[in-house]
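> requesting a structural model of the entry that follows:
(4 chains)
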Protein chains: 2
Amino acid sequence: MNTGPQAVFRALADPTRRQILMHLAHENLAISDIAARFDITRTAINKHLAILEEGGLIKSEVSGRERRNRLTPEPMKSAFEWLGHFERYWDVKLTDLQREVEKEMAGKKETEK
Amino acid sequence: MNTGPQAVFRALADPTRRQILMHLAHENLAISDIAARFDITRTAINKHLAILEEGGLIKSEVSGRERRNRLTPEPMKSAFEWLGHFERYWDVKLTDLQREVEKEMAGKKETEK
DNA sequence: TCCTTATGACACCATTTGGTGTCATTTATA
DNA sequence: TATAAATGACACCAAATGGTGTCATAAGGA
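The predicted structure is shown next:
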């Protein structure tokens, strides 16, 4: 397992995997349960689960003949925080404010001449 | 261009692309400028830029013989918000608090018997 | 015990991904 | 005006990705 940002972003890059995470947010599910919710084979689901587990986003434990999967979303935090560093850039209100400030500064410069 | 969550997560999945975004957060750069900061060819950088632009994370405009790239991070917001839905799950403090509350409740039950 | 269910383990495949190198075109510049 | 610099446009490649199908094994249930 490797909960670094790379393994997490990689795990999040596939839409099927993100959907699996959403299902697991509601309830723990066995592999067949998950496969029943998608149009792809159980084998394909298994590979997705392996990548999610590699990213540390889920944990699984066997119980009888089932393997129950549970969400362990802590590693998402690193991706969330990485994105958070850009928050000030995408915040439109702040950008508008900056523009206003810059315009104001420019105006002052002009009047100071 | 397609600023949906899929295009954004896909663009963020590669470590080189994430580094390019960080560089562009500091300053707008031409393709050669970016290529000079990595050990891969300009052609490879070009492909990464195309994927970033496809996700709407950057915009570029030609200026003479240069193509200047600028960060347009608004689409990151959708990925950030998607992750935000899981925040309550990974928040350790909240989890600890819940554990405390549960322990307290269990204790009360005991004493109430 | 027999049959069914849930996985594990492979082998195989087409497409995508992340790189490379080369050549042509356009734009500054000495 | 030559020359150098910055891109664009291709062709080509190996490895990773996202699927498939098949067969074996283990665990429950009638």
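
> show me which residues of chain A sit near DNA strand C.
Neighbours of DNA strand C within chain A, by Cβ under 7 Å from any atom of the strand: A:30-33, A:42-43, A:46, A:62, A:65-68. Quick note: C-beta positions are derived from backbone N, CA and C, even for glycine.

> just the strands in chain A please.
A:29-30, A:58-63, A:66-71 (DSSP state E).

> mean neighbour count, distance to DNA strand D and mean pLDDT added to these, as a markdown table?
Conversion of the strands of chain A to a markdown table gives the following (neighbours: other Cβ atoms under 10 Å in any protein chain shown; distance: least, Cβ to the nearest atom of the strand, whole Å; pLDDT from 0 to 100):
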| stretch | mean neighbour count | distance to DNA strand D | mean pLDDT |
| --- | --- | --- | --- |
| strand A:29-30 | 20 | 12 | 98 |
| strand A:58-63 | 14 | 7 | 97 |
| strand A:66-71 | 17 | 8 | 98 |
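
> let me have these in TSV, adding distance to B:P73 as columns.
Formatted as TSV, those follow (distance: least, Cβ to Cβ, whole Å):
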stretch	distance to B:P73
strand A:29-30	35
strand A:58-63	29
strand A:66-71	28
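
> mind listing the residues bridging to A:R68?
As for beta bridges, A:R68 partners with A:A30, A:E61 under DSSP bridges.

> ok, now which ones touch it?
Contacts for A:R68 (Cβ atoms under 8 Å, 6 or more residues apart in numbering or on different chains) come out as A:28-30, A:60-62.

> in those, find the pair that's most separated.
A:L29 and A:V62 (13.9 Å; Cβ to Cβ).

> skipping its backbone neighbours, what lies nearest the residue of chain A at minimum distance from chain B in space?
In chain A, the residue that lies nearest chain B is A:A13 (3.7 Å; Cβ to the nearest Cβ). Among residues not flanking A:A13 along the chain, B:A13 sits closest, at 3.7 Å (Cβ to Cβ, 6 or more residues apart in numbering or on different chains).
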